[in-house]
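Asks: Return atomic coordinates for the entry below.
(2 chains)
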2 protein chains.
Amino acid sequence: MTTLRLTRDEVHDLATRTLQKAGYGPNHVRAIADMLTTCQMDDCRSHGLFRLFMCVETTRSGQVDPTVEPQLTLDDSAVVRVDAKGAISLRAVQAAMAPLIDRARSFGIAALAVNRCYHFSALWPEIEQLNRAGLAALSMVPSHAWVAPAGGTRGALGTNPISFGWPRSEDPFVFDFATSAFARGEIELYRRAGKPLPEGVALDRAGQPTTDPQAAMDGAMCTFGGYKGSALSIMVELMAGPLIGDLTSLDSMAHAQGRPEAPFHGQIILAFDPERLSGGQHSDGDARAERLFAEIGAQGARLPSQRRYAARARNTARGFVEVSKQLIDDIRAL
Amino acid sequence: MTTLRLTRDEVHDLATRTLQKAGYGPNHVRAIADMLTTCQMDDCRSHGLFRLFMCVETTRSGQVDPTVEPQLTLDDSAVVRVDAKGAISLRAVQAAMAPLIDRARSFGIAALAVNRCYHFSALWPEIEQLNRAGLAALSMVPSHAWVAPAGGTRGALGTNPISFGWPRSEDPFVFDFATSAFARGEIELYRRAGKPLPEGVALDRAGQPTTDPQAAMDGAMCTFGGYKGSALSIMVELMAGPLIGDLTSLDSMAHAQGRPEAPFHGQIILAFDPERLSGGQHSDGDARAERLFAEIGAQGARLPSQRRYAARARNTARGFVEVSKQLIDDIRAL
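Replies: Model prediction:
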């Protein structure tokens, strides 16, 4: 595979020009280009420039509104609400970030409810942003009903990622993973490679376990971790759906009316101020958390995101990322 | 096994008399007896009358303070703090429940930080209580460092249960499970029965996978769901430990100084008001959640707690639970 070396600015410019050409308004362009660049610089390629195809296709089909500005609703509670009005989520979250941080510091804990958005991004960049403001944070989103509950036979749940982060003086502790056993993209890679799936990750259309990738695409994915992962996935549906007045993955699928549309739903982000929650014992807490991280490292176990931070350090030091020439050509042809 | 039939009042009386004899103060007696009775009536026997041994032994050894009253700290934030002062957690949570509910309704979201407690109970009864007040709720506690992180070799994490609940007009949706692959009590049952453990649930003292229950008791348990379960377990450590100014499972183990003491740490409970978080679209959200539950049921999959609610209905209807005569004799001999 031929790769080209792109600087951070070149990645950002490519995203910016592509989004502008597709009709995105300036605030959306900035929010989306920032996210794609952040992911690409961490070698998180599945959520980097690659996502420009989805951004362009969903505006061409008329599904995503590329210019509408989000509407922020603030009151005297610890809840910040932002209506994305059928746009991609990122601009809405960006508009709500400062009031979310402000409320978390005032009340000790705060919630951001993002409504009526299209969501394609990794959760960790938003979590990391809150961590860099000194807050712990937790986020969840549903998707389409592609995942069967434990003991079930067909899709009822989304891939339903959970991301959590804890602030550190160095790079924060952050994880971000789907509650499905496999990502849909992974199944597609197995299908293209003609390889069977591992046992226990998918069901066929009849609800029977399968290792055939095509049968899995026609059927449903399983959750990770058996009935426990299934329970967590249901929690994501409830917290990021009905709790914040938005759709479940089943509703999102119904909303698409059989068309191959991107999931349409909400997102919840919770922010926690360790200073307020610990009653002022924040630095003791930091020391305890660091002892735990040190013990995990001393055992030879990796913290989540460790590989990503290593990629970031390397790419930042050398001043470029390697991007497939084919990908760049395909993006330019959009 | 000979069993006796005990009414709800008889279960409660047996717990009450045993706790009084062990020196527990009246508020602690009521809080603990209520919890044990609730669990016993749901056939959740591992968290029922059986726990009286632990309650009595920990006061006899001087570890648990059976009379000290919790100290509640309230301010104008969404955080309620309660210091259990070295007592069992239940009385402290009970004392903080009304202000927690009040703040969740006022601010939309609220947190309860319980500090310096001994914790032996199931989490679901407290979650269910919040659900019956119309709130969604999430709780976590650490324990002792018995569980190895994914990729690790020895205990660094607790069994770290997570419990979540969602209010329904009927019995709430509630789950409550350990993030360890196995409960410590289960391993003990395998050891007594001379049966090998399943693959992947434990490590021996050298950090190698083992199916030998004794080697597992001397070594460490694994987390459920591989690196994802491990990441969640670390989240429980941070949320229910450093975030609220309390100990991690490693700290709790160190606090016991090699003595076979019960874990000593904190507990976090988060409460969410669907009315506030949904911007007044609570009933739409309820309908969406019910459609999801109905779809899961239609697939023949069980919701978490379904078996427990069935036991409750049966035991309530017939007016008694069956309790092992040996257990009752052993409790009376305490």
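
Asks: any idea which helix or strand carries the closest residue in space to A:Ser106 that isn't next to it in sequence?
Replies: Leaving out its chain neighbours, the residue that sits closest to A:Ser106 by CB to CB, 6 or more residues apart in numbering or on different chains is B:Ser77, at 7.3 Å. The C-beta positions use only the backbone N, C-alpha and C, and glycine is treated the same way. Using DSSP states H and E, no element contains B:Ser77; it sits outside every helix and strand.

Asks: Ok, A:Cys117 next?
Replies: Secondary-structure element containing A:Cys117, defined by DSSP H and E: strand A:109-118.

Asks: Check whether the very next helix or strand once past that strand comes into contact with chain B.
Replies: Under the assignment DSSP H and E, the closest C-terminal helix or strand after strand A:109-118 is helix A:124-132. No - legend: contact between helix A:124-132 and chain B by CB under 8 Å from any CB of the partner chain is lacking; minimum distance shown is 11.3 Å.

Asks: Please identify the pairing partners of whichever helix or strand comes after helix A:124-132 and their relative orientation?
Replies: Sequence order places strand A:136-140 as the next helix or strand after helix A:124-132, per DSSP H and E. Taking DSSP bridges as the criterion, strand A:136-140 pairs within the sheet with strand A:162-166 (antiparallel), strand A:264-272 (antiparallel).

Asks: about what we covered before: now do the residue nearest to A:Ser106, the pLDDT please.
Replies: Each residue has a pLDDT score; the one for B:Ser77 is 97.

Asks: What residues does it make contact with?
Replies: For B:Ser77, the contact set (CB atoms under 8 Å, 6 or more residues apart in numbering or on different chains) comprises A:106-108, A:276.

Asks: one step back: mind giving me the packing neighbours of the strand holding A:Cys117?
Replies: Taking 3 or more CB pairs under 8 Å, 6 or more residues apart in numbering or on different chains; DSSP states H and E as the contact definition, the neighbouring helices and strands of strand A:109-118 are strand A:79-83, helix A:89-107, strand A:264-272, strand B:109-118.

Asks: closest to B:Ile296 out of the ones you listed?
Replies: If you check each of the helices and strands packed on strand A:109-118 against B:Ile296 by CB to CB, strand A:264-272 wins as the nearest, at 18.1 Å.

Asks: buried sites along whichever helix or strand comes after that closest one?
Replies: Of the helices and strands lying after strand A:264-272 in sequence (DSSP H and E), the nearest is helix A:274-277. Neighbour counts over helix A:274-277 (16 or more other CB atoms under 10 Å in any protein chain shown) mark A:274-277 as buried.

Asks: ranges for the helices of chain A?
Replies: Secondary structure of chain A by DSSP state H: the helices cover A:8-21, A:26-41, A:52-60, A:89-107, A:124-132, A:184-193, A:213-218, A:226-239, A:249-255, A:274-277, A:282-298, A:306-318, A:325-332.

Asks: Can you check what angle separates the fifth one from strand A:264-272?
Replies: Put plainly, it is helix A:124-132. Computed by axes from the mean of the first three to the mean of the last three CA atoms, to 10 degrees, the angle separating helix A:124-132 from strand A:264-272 equals 20 degrees.

Asks: Please apply the same query to the first one.
Replies: An angle of 140 degrees separates the directions of helix A:8-21 and strand A:264-272 when computed by the same axes, to 10 degrees.

Asks: got the angle between helix A:8-21 and helix A:26-41?
Replies: Counting by the same axes, to 10 degrees, helix A:8-21 lies at 140 degrees to helix A:26-41.

Asks: Identify each buried residue in helix A:8-21, please.
Replies: Of the residues in helix A:8-21, A:8, A:10-12, A:14-16, A:18-19 count as buried by neighbour count, 16+ other CB under 10 Å.

Asks: where does chain A have its least confident helix or strand?
Replies: Taking all helices and strands of chain A together, the one with the lowest average confidence (mean pLDDT, DSSP states H and E) is helix A:184-193, at a mean of 87.

Asks: Excluding chain neighbours, what is closest to whatever residue of chain A ends up closest to chain B?
Replies: Shortest chain A-to-chain B distance, computed as CB to the nearest CB: residue-wise this is A:Gly225, at 2.8 Å. Distances taken as CB to CB, 6+ apart place B:Gly225 nearest to A:Gly225, at 2.8 Å, with adjacent residues excluded.

Asks: Equivalent analysis for A:Ser89, please.
Replies: Spatially, and ignoring its direct neighbours in sequence, A:Ser89 is nearest to A:Cys117 (3.8 Å; CB to CB, 6+ apart).

Asks: so what pLDDT did the one you found get?
Replies: Model confidence at A:Cys117, expressed as pLDDT, equals 97.

Asks: related to what we said a few turns ago, is chain B contacted by the least confident helix or strand of chain A?
Replies: No - applying CB under 8 Å from any CB, one finds helix A:184-193 separated from chain B by no less than 14.3 Å.

Asks: by contact count, what packs against that helix?
Replies: On a contact count with 3+ CB pairs under 8 Å, 6+ apart, helix A:184-193 meets helix A:213-218.

Asks: so how far is A:Phe224 from A:Gly165?
Replies: When distances are taken as CB to CB, to the nearest Å, A:Gly165 and A:Phe224 turn out to be 20 Å apart.

Asks: Could you check which of those two has the larger neighbour count?
Replies: A direct count of neighbours by other CB atoms under 10 Å in any protein chain shown for A:Gly165 and A:Phe224 places A:Gly165 higher, at 28 against 25.

Asks: dump the residue contacts of A:Ala111.
Replies: Contacts of A:Ala111 (CB under 8 Å, 6+ apart): A:78-80, A:244, A:268-271, B:108-109, B:272, B:277.

Asks: Can you name the residues bridging to it?
Replies: Per DSSP bridges, the residues bridged to A:Ala111 are A:Val79, A:Leu270.

Asks: One more: A:Phe164?
Replies: A:Leu138, A:Phe175.

Asks: For it, the count of nearby residues, please.
Replies: Every residue meeting other CB under 10 Å relative to A:Phe164 is counted, giving 27.

Asks: Leaving out chain neighbours, which residue sits closest to the residue nearest the centre of chain A?
Replies: Central residue check for chain A by CA atoms, centre = their mean: the C-alpha nearest the mean position is that of A:Ala122, 2.7 Å away. Taking CB to CB, 6+ apart, and ignoring the residues beside it in sequence, A:Ala122 has A:His47 as its nearest neighbour in space, at 4.3 Å.

Asks: just A:Thr3 next, same as before
Replies: In this structure, A:Thr3 finds its nearest non-sequential neighbour in A:Glu322, 4.2 Å apart by CB to CB, 6+ apart.
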